[in-house]
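> need a structure here:
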Amino acid sequence: MPPENHAAYLVNPRARPLQVKSAPYTAPGPDEIVVKNGAIAVNPVDYGKQCGGDYLFAWLKYSIVLGSDVAGEVVEAIAVGVDKRSSKPSEGAFQEYTVLRSHLAAKIPDNLSYEKACVLPMGISTASCGLFMKDYAALRYPTSPYEHPSDQAPPAAFIVWGGSTSVGTNAIQLAKAAGYEVLTTASPRTFGYVNELGASQVFDYNDPNTPSAMIAALKNKTCAGAIAIGKGSLEACIDIVAAVPGRKFVAQASVPLDAAKVPGNIVGLVGVVMGYIWWNISRTFRAKIKGVSVKFIWGTDLMANEVGGMIYNDFLPAALASGQYKAKPEPQVVGKGLERIQDALDVNMRGVSAAKVVVTM
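Below is the predicted model:
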């Protein structure tokens, strides 16, 4: 007799709140596992889909079980329910039992709580795609324990613009574990935080002189590329990597478009879309004229290549157990149970800093 399952469903475009109701329990297939969720974290893409309707992830069929970040009995993993190569309700995180792919699951140490562990999946997956996939920055893989590569002295540098974000905290730690010096940006109040994660130099992302300062800091170094996270990050990273020695590549982790603010009327929508198209054209021209390659990251791409197993099976369990790798950012728990997921989405939509919004189960 399979266990009883419940899920928080998005039943139609822009419906709110999510509807909690019975859901099928799905047995695992080959190379899959089922996790009884102990904690769930939310991401901007979740409220983006709820607010933006079919303008985002149009391939998903209603009713939809959203969610990418779960931690539960024995494992911590990334769920891939919104990826078009999956898009099955059984693989969404916003339920009691989620089907996970075994190469995207990692055993967590006994001293790491579910609410702390569930902050990792989407952040580490997005960062890993941008840093290690062959058609992105293609950095050397991270090791645990950390081993400085003998052929790299002094280490090449890597830029993480937006270091205190969910993706940024993971990108700093991964690049450091792979043997790179990390230069990052943050607000002044989080300088110490990103330093503790492994950044060697930190700059204020609000300071208009920061790109010039980073260029000066990289003058006598080899730059291995950059990952751009947050408003204005892509333009700044293009300018920096174009001006210093090394790889002319930027992994793009965000766009200047908030799905929660997309107007419901056609006139407003057309204005937003045209503004985004113009931004995309101008950034493409900016990158091309400066000789910089840019590629947008889709965080679940690691489900289809060797990077997923490398991170979740080979690297992360040992790195977490030894304390080398920190589950960051800190969880901001807003309540318990599937009924509180809508509250979590609303809190996340209003904005958090150096934290990830979590619901326990």
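> Please pull out the lowest mean pLDDT helix or strand from the chain.
Ranked by mean pLDDT, DSSP states H and E, the weakest helix or strand in the chain is strand 75-78, scoring a mean of 57.
> Which other helices and strands does the next helix or strand after it contact?
Note on strand 75-78: by DSSP states H and E, the next helix or strand toward the C-terminus is strand 97-101. Counting contacts by 3 or more Cβ pairs under 8 Å, 6 or more residues apart in numbering; DSSP states H and E, strand 97-101 is packed against strand 32-41, strand 69-72, strand 75-78. C-beta here means a position set from N, CA and C on the backbone, and glycine is covered the same way.
> May I have strand 97-101 as CSV, with CA atoms only?
Taking Å, rounded to 0.1, in the frame of the first residue of the first chain, the C-alpha atoms of strand 97-101 are listed here in CSV:
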residue,chain,number,x,y,z
TYR,A,97,6.9,12.8,-1.5
THR,A,98,9.1,13.8,-4.4
VAL,A,99,10.7,11.6,-7.1
LEU,A,100,14.4,12.5,-7.5
ARG,A,101,17.1,11.4,-9.9
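> Name every strand pairing with it and say which way it goes.
Partner strands and pairing direction for strand 97-101 (DSSP bridges) are strand 32-41 (antiparallel).
> Can you dump the C-alpha atoms of the partner strand in PDB for me?
What follows is strand 32-41, C-alpha atoms only, in PDB (Å, rounded to 0.1, in the frame of the first residue of the first chain):
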ATOM      1  CA  GLU A  32      15.400   7.400  -9.300                       C
ATOM      2  CA  ILE A  33      14.600   7.700  -5.600                       C
ATOM      3  CA  VAL A  34      11.600   8.900  -3.600                       C
ATOM      4  CA  VAL A  35      12.200  11.300  -0.700                       C
ATOM      5  CA  LYS A  36       9.900  12.100   2.100                       C
ATOM      6  CA  ASN A  37      10.400  15.800   2.300                       C
ATOM      7  CA  GLY A  38      11.600  17.300   5.600                       C
ATOM      8  CA  ALA A  39      12.000  20.900   4.300                       C
ATOM      9  CA  ILE A  40      11.300  22.800   1.100                       C
ATOM     10  CA  ALA A  41      12.900  26.000  -0.100                       C
END
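> That one: which residues count as buried?
Glu32, Ile33, Val34, Val35, Asn37, Gly38, Ala39, Ile40, Ala41 (16 or more other Cβ atoms under 10 Å).
> Just give me the closest of these to Ile229.
Ala41 (17.1 Å; Cβ to Cβ).
> With adjacent residues omitted, what lies nearest to the closest one?
Using Cβ to Cβ, 6 or more residues apart in numbering and skipping residues adjacent in sequence, the residue nearest Ala41 is Asp69, 3.7 Å away.
> center of the chain, which residue is that?
Centroid-nearest residue in the chain, with Cα atoms, centre = their mean: Gly123, separated by 2.9 Å.
> quick one: secondary structure of it?
Following DSSP: H, G, I helix; E, B strand; the rest coil, Gly123 is assigned to helix.
> where's it relative to Ser166, distance?
4 Å (Cβ to Cβ, to the nearest Å).
> ok, now Pro211?
Counting by Cβ to Cβ, the separation of Pro211 from Ser166 is 23 Å.
> just Ile215 next, same as before
27 Å.
> Next: Lys176.
Here Lys176 is placed at a distance of 17 Å from Ser166 (Cβ to Cβ).
> So for these two, which sits in the more crowded spot?
Between Lys176 and Ser166, counting by other Cβ atoms under 10 Å, Ser166 is the more crowded of the two (28 against 22).
> Hmm, the more buried one is touching Pro121, no?
No - Ser166 is not in contact with Pro121 according to Cβ atoms under 8 Å; the separation is 9.8 Å.
> domain ranges for the protein?
According to automatic domain parsing, the chain comprises the domains 5-120+327-360, 126-300.
> So for Gly309, which of the ones you listed sits nearest?
Using Cβ to Cβ, the domains of the chain put domain 5-120+327-360 closest to Gly309, at 4.2 Å.
> So what's the residue count around Ala58?
When counting by other Cβ under 10 Å, one arrives at 11 neighbours for Ala58.
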